[in-house]
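Engineer: Generate a structure from the sequence data that follows.
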Amino acid sequence: MDASSLKSPPQDASVESLVLGKTPRAGSQDAERMFDTLRNAVLDQRLPPGMQLKEQALADAFKVNRALVRAVLARLESARLVEHRPNRGVFVATPTVAEARDIFAARRVIEAALVRTLTAVAMPAGLAEMQALVEREQAAYRSGDMRAGLRLSVEFHRLLARLAGNSVLANFLEELVARTPLVVLSYKGSDTPSCALDEHSAIIEAIAVGDAERAVTLMNAHLNHLEAKLESGFRAASGEADIAAMLGLAPAR
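Structural biologist: Below you'll find the model as predicted:
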């Protein structure tokens, strides 16, 4: 990353308020805390695709030097959560339609493997932890707290990966799950896609009884359902919008 292209005047909007206002302590943990805070802000959909992340504003918000900011931004770029645009600066990533489809395709492959593994090794304590998380997720959606619901939905998939015990697949999934909120914000249209309240519970039930094939089928259906909710946004971004349907002259596809 060209460090000189990141220099810019302080940003008007308060970056600190967007990332929970956390101020890392000076010391060796600053970079890790800054990275985690920004990544979590992407997962929580508080940093929208295309938002510029100005170096000085971040340095002021986190009370760190600009060299550390540049290092963290470079790490976020490696994770494909931000993108460097030459002569303009660093922006929260905006996945293309092709990238969005690839993310869901990759998630189907990886999560199917994780579900198969977890079905073979699942322990009662792990299943109970998953179910407790899903109950919190459902309560959040029912109360209208979409942000908390989405955060817990993401955490369900991360927890499933951790419990499966395959650290390589879990690391692959971590990147894909972190990028999924950017896809949702880029192509959601007027409604934010969310998990159906019973889909995660159904997956847990299949794992609990040792039915790997059903668990995989349910996971694929779950991911297909999320992707389908974005289809109209994909078509519009690709110039494939159905003009007749948009004008009310024909049913939407």
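
Engineer: Which parts of the chain are strands?
Structural biologist: 82-85, 89-92 (DSSP state E).

Engineer: Neighbouring strands - and their directions - for the first one?
Structural biologist: Going back to what we said before, that points to strand 82-85. strand 89-92 (antiparallel) (DSSP bridges).

Engineer: buried residues in the strand it pairs with?
Structural biologist: Residues Gly89, Val90, Phe91, Val92 are the ones in strand 89-92 that count as buried (16 or more other Cβ atoms under 10 Å). For every residue, glycine as well, the C-beta is placed using N, CA and C.

Engineer: Okay, now the unreliable bits of the stretch 151-253 of the chain?
Structural biologist: For the stretch 151-253 of the chain, the stretches with pLDDT under 70 are 189-197, 239-253.

Engineer: now Ser238, nearest residue through space, not along the chain?
Structural biologist: For Ser238, ignoring the flanking residues on the chain, the nearest one in space by Cβ to Cβ, 6 or more residues apart in numbering is Val97 at 5.1 Å.

Engineer: looking at it, that neighbour is touching Ser232, isn't it?
Structural biologist: No - if you go by Cβ atoms under 8 Å, Val97 and Ser232 don't touch, sitting 11.8 Å apart.

Engineer: got CSV for the strands of the chain, with mean pLDDT too?
Structural biologist: Listed next are these as CSV, based on pLDDT from 0 to 100:
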stretch, mean pLDDT
strand 82-85, 94
strand 89-92, 96
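
Engineer: any idea how far Leu169 is from Leu118?
Structural biologist: 11 Å (Cβ to Cβ, to the nearest Å).

Engineer: Then Lys229?
Structural biologist: Lys229 is 25 Å from Leu118, by Cβ to Cβ.

Engineer: and the two? which has more neighbours close in?
Structural biologist: Each of Lys229 and Leu118 has its neighbours counted (other Cβ atoms under 10 Å); Leu118 has more, 26 against 17.

Engineer: what comes up buried for the longest helix seen in the chain?
Structural biologist: Secondary structure of the chain per DSSP state H: the longest helix is helix 97-121. Neighbour counts over helix 97-121 (16+ other Cβ under 10 Å) mark 97, 100, 103-104, 107-108, 110-119 as buried.

Engineer: Likewise for stretch 129-149?
Structural biologist: Met130, Leu133, Val134, Arg136, Glu137, Gln138, Ala140, Tyr141, Ala148, Gly149.

Engineer: In this structure the fifth one contacts His200, no?
Structural biologist: Okay, so that is Glu137. Yes - counting by Cβ under 8 Å, Glu137 does reach His200; the two are 6.9 Å apart.

Engineer: which residues are common contacts for these two?
Structural biologist: Ser153, Phe156 (Cβ atoms under 8 Å, 6 or more residues apart in numbering).

Engineer: quick one: the helices in the stretch 51-200 of the chain?
Structural biologist: Ranges of helices in the stretch 51-200 of the chain, per DSSP state H, counting those that start in this stretch, are 55-62, 66-78, 97-121, 124-142, 146-164, 167-187, 199-208.

Engineer: which other helices and strands contact the last one?
Structural biologist: In terms of contacts (3 or more Cβ pairs under 8 Å, 6 or more residues apart in numbering; DSSP states H and E), helix 199-208 is packed against helix 97-121, helix 124-142, helix 146-164, helix 212-228.

Engineer: Looking at the second one now, give me its mean pLDDT.
Structural biologist: When pLDDT is averaged over helix 124-142, the result is 95.
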